[in-house]
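**Student:** build me a model from this:
(one chain, ligands or ions: 1)
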Amino acid sequence: MAFSDETRNELARVIPSARCCRLAELSAFYDLDGMLMGTANQYLDFTTSAPVVARKVLTLLRSLYPEISAQVLVRRSRSRRTQNCTVRILDTQEALAVYEEMRSQNYAAKGRYLRKKCCRRAYIRGAFLSHGSITNPERTYHLEISTDHSQAAERVLASIKSFHINAGVTQRKGSLVIYVKDGEDIVTLLNLMGAHQALLQFENVRVLKEMRNQVNRLVNCETANVDKTIKAAMSQVEDIRLIEEHMGLDELPAKLRQVAKLRLENPYASLKELGDMCVPPMSKSGVNYRIRQLREKAAEIARLYK
Ligand SMILES: [Zn+2]
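**Tutor:** Predicted structure coming up:
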């Protein structure tokens, strides 16, 4: 099952205990779908694509209005590949009562988001269940909620941002899309909505990915260092060969000659290893000094014979 569906199924089972939050979550469905009072205000519809979500809407409605008479209608597309579920409140008086309560939700002064934190969390969850999706973290970090209604988009965006989560908004095919791209932010959001299973799964992937990156970085770094050492050693060998060819190593002072011969015999040894092979042993900086002298000598010869 797709990660997005798993997340949705998990969230569909979360029923907030406080009445205020149930109302807030239901009002997200109302906001994002732009509520449909049926012909001549006879009934009220909550439309969603997933049966699990329709069941949740029904549960929320029945818990808020125990006497309500509602039914779930399922419509399949002609290809039978997608389906639409509609939760319909049949009684006109009941429909109007719910409609009014949704409309009079208690938004903050600027009319942008709900006052209480608990309700904002429920609102974001409702918005995600209504029109949200999340990409499998193996691919990329991306969570989005889309809606055709600018006021709803503003409210969702403000609610998410009220928890110090970075969210952006963009347009796609005439719809407004609110998105979160940062892995850390998505984890925070999943936690706020109550998707704890999805959160664990997301974190597992994130840790593995991070480890893989770190290993790759280390391997690249190591390879680069080894390359550098080998290149340096090869150019030292070239220098010494040049001296040997045009001047002979025996003409060199004893300490220089010893380092030169050891380098030719041990092209891949480190400077420290070369120092240890010397008799008497030489420090790393001592070897380095001789290597530099050999390079200067070689450069001199190269100038003479060019
Ligand atoms: Zn609440």
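
**Student:** can you pull out the helices in the stretch 151-300 of the chain?
**Tutor:** In the stretch 151-300 of the chain, the helices defined using DSSP state H, counting those that start in this stretch lie at 183-193, 196-246, 254-265, 271-277, 284-304.

**Student:** put together TSV for these, with mean pLDDT and mean neighbour count on each row.
**Tutor:** Where C-beta positions appear, they are placed from N, C-alpha and C, glycine not excepted. Converted to TSV, those look like this (pLDDT from 0 to 100; neighbours: other CB atoms under 10 Å):
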stretch	mean pLDDT	mean neighbour count
helix 183-193	96	19
helix 196-246	86	14
helix 254-265	92	18
helix 271-277	92	18
helix 284-304	93	16
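
**Student:** figure out which of those is closest to residue 148.
**Tutor:** helix 183-193 (22.1 Å; CB to CB).

**Student:** distance from the chain centre to the closest one, please.
**Tutor:** For helix 183-193, the distance from its own C-alpha centre to the chain's C-alpha centre is 10 Å (CA atoms, centre = their mean, to the nearest Å).

**Student:** that helix near the ion at all?
**Tutor:** No. Shown here: helix 183-193 not in contact with the ion (CB under 5 Å from the ion), separated by at least 12.8 Å.

**Student:** residues making contact with that helix?
**Tutor:** Here helix 183-193 makes contact (CB atoms under 8 Å, 6 or more residues apart in numbering) with 7, 11, 14, 121, 124-125, 128, 134, 137, 141-143, 160, 163, 165-167, 180, 196, 198-199, 202-203, 206.

**Student:** get me the contact residues on the stretch 101-250 of the chain for the ion.
**Tutor:** 116, 118, 119.

**Student:** by neighbours, which of those wins?
**Tutor:** Comparing these by number of neighbours (other CB atoms under 10 Å), residue 119 comes first, having 24 neighbours.

**Student:** where does residue 73 sit: helix, strand or coil?
**Tutor:** Following DSSP: H, G, I helix; E, B strand; the rest coil, we place residue 73 in the strand state.

**Student:** in the sheet, who's paired with it?
**Tutor:** residue 86 (DSSP bridges).

**Student:** so it sits against residue 86, correct?
**Tutor:** Yes. Here residue 73 reaches residue 86: they are 4.5 Å apart, a contact under CB atoms under 8 Å.
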